[in-house]
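A.B. asks: After the sequence you'll find the predicted model.
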Amino acid sequence: MFSTIYLHEVKTWFKKPLFYVYAAVLFLLSLLISALAVGVFDSDNVTVTSAIKLNGAVGIYGLLGFFAILTYLLIPSIIGGTIQRDFKNNMHNVLYSYPLTKWNYLLAKFSAGMTMTLLIIIASLIGITLGFYLPGANEELVGPFKIMNYLQPFLVYIIPNVFFYGAIVFAITAFLRNVNIGFMFVLVMIILQFAASSSVPTMDDSYWVELLEPTGDSATYNQIKYWTPEEQSTQLIPITGTLLYNRLIWLGISLIVFIGVLLAFNFSQNPTSLSLAKTKAQRVTKKNFGTITKVVMPQATQDLSFFGQLKTAWIIAKSDIAYIVKGWPFIIIASVAFAFSLLTMLITGQQYGTDILPKTWVMLQITSGISSPFAYLLIYLYTGLIMDRAKAAHINQLVDATPTRNWTMLLSKFIAMVVMVATILLIVILSGIIIQAYNGFFEFELPLYLFDLYVINIWDFIPWIMMSLLIHTLIKNKWVGLIVLLV
């Protein structure tokens, strides 16, 4: 039964254009980046140089790691999608009635997702390799071909990391039946990974960060930070010390999560729900006893004028705004942005080595570079989600049949995204005021907060909202659209 389900999933993915789109995008992007790195596009006034051979183990690790991050963002669509498809098509009730064991079912689904994810990463690895040998490549930047330079990063980093992210996403999808929450987990982990990696060079003792950073990048940096260019060009990365312990720890955590899914899952379960507020159960009693009464229905009127379309756009926008701010992706990313803002403000209190007061302009200066990446991620993600709402709810044909103009629908999405960005900027204000109050500084200058964020800075996001609407209009798959925008 395992082989039957596994082969069916693999064949299904090979029949889907989405797999070839993912593989082609990463292949072409990796081919372009590696060609740029070795000077294929050098000109008379532009010359690419490097201190190390780019096809050494360290060089391949760096290049492959970048494309692996893009692939990690596809894991919810691929590994999560293998089990989400049964729920989405309402086939799980039929499928679960067959005489199959949950071990065969879950192992086959997960293995198929892992296989397809690794094949996409292999496509980027092939692109990197071919880029090194294109006509015009600088031979001084490319060393002799050694298969272990490619195998070591793939075996030590890629497979364990895909297994970790895949196990978490698979667990979330199996129990919550929501791929979006799985995507949010991957996104938050990648943000935390960047934060950990950037902090390691400035830390006196990074032992615990090296152990607990999931991808092993921090521990790898510690292993090779004192290497000469010759060593980075010719030697493999030593799997010892904190790097070895890091790989074993996270491999063990991944196994525990996956085994936990195998033990806890059952075919008769209902989806687990996450709710911020529990509703109190109430008994419903029939109260319409008596004679039949006449019901007067209100007369329905249509207003297809310009102002009527504007009113319709605002009504749809309010629905989209509620969908955004109540959704777990927004709550998670907004919470992480809030935490990062507070942490950064707490540890940053000097200007050129001199302590300064936490005045409003200081708070705005600190958070301007923190809130923007989170706002852009939310724009890229939620533009696709709100434009896909009708299709996900299976009412897209009803929506298309309504006498609503195209510009009305697009305007409603634009309004919703602007309000979402304004909400993120409100978090910046709250962060600044909290830190100021914490430091005993109560000159909040609220007008300066509002003017800087809502009159000056909010316009930086408008072109990207328009670009995101364009991309998600041209590309109907929200995940492909997201990857295009991230690239």
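C.D. replies: The structure has been received and is ready for your questions.
A.B. asks: Against residue 27, how distant is residue 131?
C.D. replies: Residue 131 is 10 Å from residue 27, where distance means C-beta to C-beta, to the nearest Å. Where C-beta positions appear, they are placed from N, C-alpha and C, glycine not excepted.
A.B. asks: repeat for residue 412
C.D. replies: Distance from residue 412 to residue 27, by C-beta to C-beta: 37 Å.
A.B. asks: neighbour count winner among the two?
C.D. replies: Using other C-beta atoms under 10 Å as the criterion, residue 412 and residue 27 rank with residue 412 on top: 24 against 21.
A.B. asks: List phi and psi for the spatially most central residue of the chain.
C.D. replies: Geometric centre of the chain, nearest residue: residue 187, 3.5 Å, by C-alpha atoms, centre = their mean. Here is the backbone geometry of residue 187 (degrees, to the nearest 10): phi -60, psi -40.
A.B. asks: ok, it to residue 248 distance?
C.D. replies: For residue 187 relative to residue 248 (C-beta to C-beta), the value is 26 Å.
A.B. asks: again with residue 439
C.D. replies: Taking C-beta to C-beta, one finds residue 439 at 42 Å from residue 248.
A.B. asks: same deal with residue 226?
C.D. replies: Shown here: residue 226 relative to residue 248, a distance of 24 Å by C-beta to C-beta.
A.B. asks: higher neighbour count, the two?
C.D. replies: residue 248 (11 against 7).
A.B. asks: pretty sure that one is in a helix, no?
C.D. replies: Yes: under DSSP: H, G, I helix; E, B strand; the rest coil, residue 248 sits within a helix.
A.B. asks: And it, how close does it get to residue 167?
C.D. replies: In this view, residue 248 and residue 167 are 16 Å apart by C-beta to C-beta.
A.B. asks: Residue 469 too?
C.D. replies: Going from residue 469 to residue 167 by C-beta to C-beta gives 35 Å.
A.B. asks: ok, now residue 31?
C.D. replies: 31 Å.
A.B. asks: cool, and residue 325?
C.D. replies: Residue 325 is 30 Å from residue 167, by C-beta to C-beta.
A.B. asks: Between those two, point out the one with more neighbours.
C.D. replies: Taking neighbours as other C-beta under 10 Å, residue 325 and residue 167 compare with residue 167 leading, 23 against 14.
A.B. asks: wait, isn't that one in contact with residue 251?
C.D. replies: No: using C-beta atoms under 8 Å as the test, residue 167 is too far from residue 251 to be in contact (10.3 Å).
A.B. asks: quick one, phi psi at residue 475?
C.D. replies: Reported as degrees, to the nearest 10, the phi and psi values for residue 475 are phi -110, psi 110.
A.B. asks: and it, what pLDDT?
C.D. replies: You'll see residue 475 listed with a pLDDT of 87.
A.B. asks: Begin at 34 from now on, thanks
C.D. replies: Done: numbering now begins at 34, and the last item shifts to residue 508.
A.B. asks: show me what contacts residue 140?
C.D. replies: Residue 140 makes contact with 35, 295, according to C-beta atoms under 8 Å, 6 or more residues apart in numbering.
A.B. asks: and it, that one's in a helix?
C.D. replies: Yes: assessed with three-state DSSP, residue 140 lies in a helix.
A.B. asks: Report all helices and strands that the lengthiest helix in the chain contacts.
C.D. replies: Among the segments of the chain that qualify as a helix by DSSP state H, the longest is helix 439-471. Contact partners of helix 439-471 among helices and strands, from 3 or more C-beta pairs under 8 Å, 6 or more residues apart in numbering; DSSP states H and E: helix 339-358, helix 361-380, helix 393-420, helix 479-483, helix 495-507.
A.B. asks: what about these, which gets the closest to residue 292?
C.D. replies: helix 361-380 (25.4 Å; C-beta to C-beta).
A.B. asks: tell me the average confidence for the closest one?
C.D. replies: The pLDDT scores in helix 361-380 average 72.
A.B. asks: same check, this time on stretch 102-115
C.D. replies: The average pLDDT within stretch 102-115 is 85.
A.B. asks: Tell me the buried residues in it?
C.D. replies: 102-115 (16 or more other C-beta atoms under 10 Å).
A.B. asks: ranges for the helices of the stretch 34-183 of the chain?
C.D. replies: With DSSP state H, counting those that start in this stretch as the criterion, the stretch 34-183 of the chain has helices at 35-48, 50-70, 90-105, 108, 114-121, 125-128, 135-165, 180-186.
A.B. asks: picking that back up, between helix 495-507 and the longest helix of the chain, find me the angle.
C.D. replies: Orientation of helix 439-471 against helix 495-507 (axes from the mean of the first three to the mean of the last three C-alpha atoms, to 10 degrees) gives an angle of 140 degrees.
A.B. asks: Could you give the average pLDDT over helix 439-471?
C.D. replies: Averaging pLDDT along helix 439-471 gives 86.
A.B. asks: buried sites along the host helix or strand of residue 263?
C.D. replies: Taking DSSP states H and E as the criterion, residue 263 maps to helix 262-267. Neighbour-count burial for helix 262-267 flags 265, 266, 267 (criterion: 16+ other C-beta under 10 Å).
A.B. asks: Any idea how far that helix is from the middle of the chain?
C.D. replies: The chain centroid and the centroid of helix 262-267 are separated by 34 Å, computed with C-alpha atoms, centre = their mean, to the nearest Å.
A.B. asks: What is it packed up against?
C.D. replies: Judged by 3+ C-beta pairs under 8 Å, 6+ apart, the packing partners of helix 262-267 are helix 90-105.
A.B. asks: In the helix it packs on, which residues are buried?
C.D. replies: For helix 90-105, the neighbour count (16+ other C-beta under 10 Å) marks 90-98, 100-105 as buried.
A.B. asks: Next: stretch 362-375.
C.D. replies: 362, 363, 365, 366, 367, 369, 370, 371, 373, 374, 375.
A.B. asks: one step back: export the helices and strands packed on helix 439-471 to TSV and tack on distance to residue 186?
C.D. replies: Output for the helices and strands packed on helix 439-471, formatted as TSV (distance: least, C-beta to C-beta, whole Å):
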stretch	distance to residue 186
helix 339-358	38
helix 361-380	28
helix 393-420	26
helix 479-483	46
helix 495-507	31
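A.B. asks: looking at these, which is closest to residue 196?
C.D. replies: Among those, the nearest to residue 196 by C-beta to C-beta is helix 361-380 (22.5 Å).
A.B. asks: which residues are contacting the helix or strand residue 253 falls within?
C.D. replies: Per DSSP H and E: residue 253 is located in helix 250-257. Applying C-beta under 8 Å, 6+ apart, the external contacts of helix 250-257 come out as 91, 94, 98, 190, 226, 229-230, 233-234, 239, 242-244, 246, 264-265, 270-271, 273-276, 279.
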